[in-house]
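Visitor: predicted model and sequence below, questions to follow.
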Amino acid sequence: MSNYILLEHIKVQNANCIAGFTYGFPAITHFLGYTHALSRKLQQQFGIELTGCAVVCHQHQIQAYQPSGWGDYVFALTRNPLTKEGNTAPIVEEGRMHLTVSLILESSKAFSGALQQQLITTLTMLAQRQKLAGGQVICLKSVSLYSDDDEQALSRKLLRKVLPGFVLTDRSELLKQHYQQLITTQPNATMLDAWLDFAALTYQAVTPENVDLSTEPNAVEWVRVPKSDKGYLVPITTGYKAISALHPAGAVANSRDPQYPFCFVESAYGVGQWLSPHRVPDLRDVIWRYRQQGPWYLCTTNTAQNTLKLHPEQEAALVELTETEITFY
């Protein structure tokens with residue numbers, strides 16, 4: 001039996017829209033961290049563990065503007081209050097956004113009839129008390145519980161509830177395919193070059209029809225080149241990779257919690273795809289879960305085309321950028 005919890009239309013203000021080298025939407029680790037925080041509280045009271053979540057975006061508004069009315073966008077920043085010494089506080093650049101999302105949480109346990117209403121009441125309170133992606137939850141439409149042996153019927157019922165919207169799924173296997181195609185024409189290309197093809201906006205000069213090139217030799221139109229014919233693909237932050245040994249508890253100064261072992265990590269990047277919910281055949285294909293293998297700690301969705309396979313010779317391409325390493329898988 002499949003069991004899901006739907007947190008419908010969560011309105012969040014001032015969420016963090018910067019995720020590593022990408023911006024425009026919070027990292028998927030924010031949503032799994034939000035799910036994990038809920039799971040720890042539900043385990044204590046109801047014995048329910050949340051094992052993953054699907055993310056559906058209904059509306060988003062990045063707090064950015066164009067200073068001159070055209071050109072590059074810059075983030076809208078706030079002036080902080082004066083310090084206790086009476087000095088002007090420095091402006092720390094941060095990317096913020098307002099968004100409305102629905103989360104479909106996967107539960108490991110069925111919901112007993114006697115505790116259903118109590119669970120809904122508790123979740124309604126906890127879901128609005130926690131921060132989501134660093135932003136404040138200002139509204140939650142409803143909390144619903146779903147259990148059914150028929151996975152397909154349950155998927156259709158839940159995915160219809162979150163229309164209109166777009167669900168985010170992992171398509172990092174397309175990054176590997178694109179890299180293999182790229183090195184056939186550019187042998188010196190790196191995984192970073194392949195990843196940037198999904199991030200960059202590319203334009204191509206095209207000569208218009210019915211133009212006399214003898215009189216207008218420079219008459220061209222700049223046409224945007226589609227990124228892919230496979231859908232709306234975007235670069236995303238998908239997790240972390242360890243870059244150091246696991247240090248014993250308390251061995252590293254100023255760690256967040258000295259009671260646990262400590263390890264230095266770097267961000268891992270991949271490719272995601274925004275899909276309309278009516279195009280998702282099975283809800284289990286868009287549920288994000290953590291997967292740990294060796295030094296990798298990644299967020300992936302469980303699709304047949306996107307099975308996590310990390311071989312030593314194909315694990316990643318490490319690209320040095322100043323003093324930082326960027327990891328792609």
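Guide: Received, thanks. Everything numeric here is computed off the predicted structure, so don't read it as measured data.
Visitor: assumed residue 124 was part of a helix.
Guide: Yes: looking at residue 124 with DSSP: H, G, I helix; E, B strand; the rest coil, it is inside a helix.
Visitor: bridging residues for the closest residue to it other than its chain neighbours?
Guide: Excluding its sequence neighbours, the residue lying closest to residue 124 (CB to CB, 6 or more residues apart in numbering) is residue 143, at 5.1 Å. From N, CA and C alone the C-beta is placed, and that goes for glycine too. According to DSSP bridges, the residues that bridge with residue 143 are residue 7.
Visitor: OK, contacts around residue 9?
Guide: 58, 100, 101, 102, 139, 140, 141, 142 (CB atoms under 8 Å, 6 or more residues apart in numbering).
Visitor: neighbours of the last one, how many?
Guide: Counted with other CB atoms under 10 Å, the burial measure for residue 142 works out to 12 neighbours.
Visitor: about what we covered before: can you select the buried ones from the contacts of residue 9 in ChimeraX?
Guide: This is how ChimeraX selects the buried members of the contacts of residue 9, with burial counted by 16 or more other CB atoms under 10 Å:
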select :58,100,101,102,140
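Visitor: for residue 282, state which of the contacts of residue 9 is nearest.
Guide: Nearest to residue 282 out of those is residue 102 (CB to CB; 17.6 Å).
Visitor: can you list phi and psi of that closest one for me?
Guide: In terms of degrees, to the nearest 10, the main-chain angles of residue 102 are phi -120, psi 140.
Visitor: can I assume it is in contact with residue 58?
Guide: Yes: look at residue 102 against residue 58 with CB atoms under 8 Å: they come within range, at 6.7 Å.
Visitor: shared neighbours of these two, anything?
Guide: Counting by CB under 8 Å, 6+ apart, the residues touching both residue 102 and residue 58 are 9, 162, 165.
Visitor: give me the subset of those residues lying in strands.
Guide: Among the shared contacts of residue 102 and residue 58, DSSP state E puts residue 9 in strands.
Visitor: on that earlier part again, so which of the contacts of residue 9 belong to strands?
Guide: Members of the contacts of residue 9 lying in strands (criterion: DSSP E): 58, 100, 101, 102, 139, 140, 141, 142.
Visitor: out of these, flag the one nearest to residue 242.
Guide: So of these, ranked by how close each gets to residue 242 (CB to CB), first place is residue 101, at 29.7 Å.
Visitor: if we can go back for a sec, so which of the contacts of residue 9 comes closest to residue 177?
Guide: Nearest to residue 177, judged by CB to CB, of the contacts of residue 9 is residue 101 at 29.1 Å.
Visitor: hey, what's the closest residue to residue 201 other than its chain neighbours bridged with?
Guide: By the measure of CB to CB, 6+ apart, the closest residue to residue 201 outside its immediate chain neighbours is residue 224, 6.8 Å from it. Using DSSP bridges, the bridge partners assigned to residue 224 are residue 203.
Visitor: all the helices of the protein, residue numbers only.
Guide: In the chain, helices defined by DSSP state H lie at 28-46, 116-129, 151-161, 173-185, 191-199, listed in chain order.
Visitor: for the third one, list the C-alpha coordinates in PDB.
Guide: Listed in PDB are the C-alpha atoms of helix 151-161, where the atom choice follows Å, rounded to 0.1, in the frame of the first residue of the first chain:
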ATOM      1  CA  GLU A 151      -0.600   3.100  -7.300                       C
ATOM      2  CA  GLN A 152      -1.800   4.300 -10.700                       C
ATOM      3  CA  ALA A 153      -5.200   5.500  -9.400                       C
ATOM      4  CA  LEU A 154      -3.600   7.200  -6.500                       C
ATOM      5  CA  SER A 155      -1.000   8.900  -8.700                       C
ATOM      6  CA  ARG A 156      -3.700  10.300 -11.000                       C
ATOM      7  CA  LYS A 157      -5.800  11.500  -8.000                       C
ATOM      8  CA  LEU A 158      -2.900  13.300  -6.400                       C
ATOM      9  CA  LEU A 159      -1.300  14.800  -9.500                       C
ATOM     10  CA  ARG A 160      -4.700  16.200 -10.500                       C
ATOM     11  CA  LYS A 161      -4.900  18.000  -7.100                       C
END
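Visitor: where in the chain is pLDDT low?
Guide: 1, 213, 217, 228-229, 303-329 (pLDDT under 70).
Visitor: wait, what's in contact with the closest residue to residue 236 other than its chain neighbours?
Guide: Nearest residue to residue 236, sequence neighbours excluded (CB to CB, 6+ apart): residue 272, at 4.1 Å. Residues in contact with residue 272, defined by CB under 8 Å, 6+ apart, are 28, 168, 169, 170, 171, 172, 233, 234, 235, 236, 238.
Visitor: out of these, who's the most crowded?
Guide: residue 238 (27 neighbours).
Visitor: doesn't residue 28 make contact with that one?
Guide: Yes: using CB under 8 Å, residue 238 is in contact with residue 28, at 6.5 Å.
Visitor: what about residue 119, how many residues close to it?
Guide: 19.
Visitor: then residue 259?
Guide: Residues lying near residue 259 (other CB under 10 Å) number 7.
Visitor: and residue 95, by the same measure?
Guide: By other CB under 10 Å, the residues close to residue 95 number 18.
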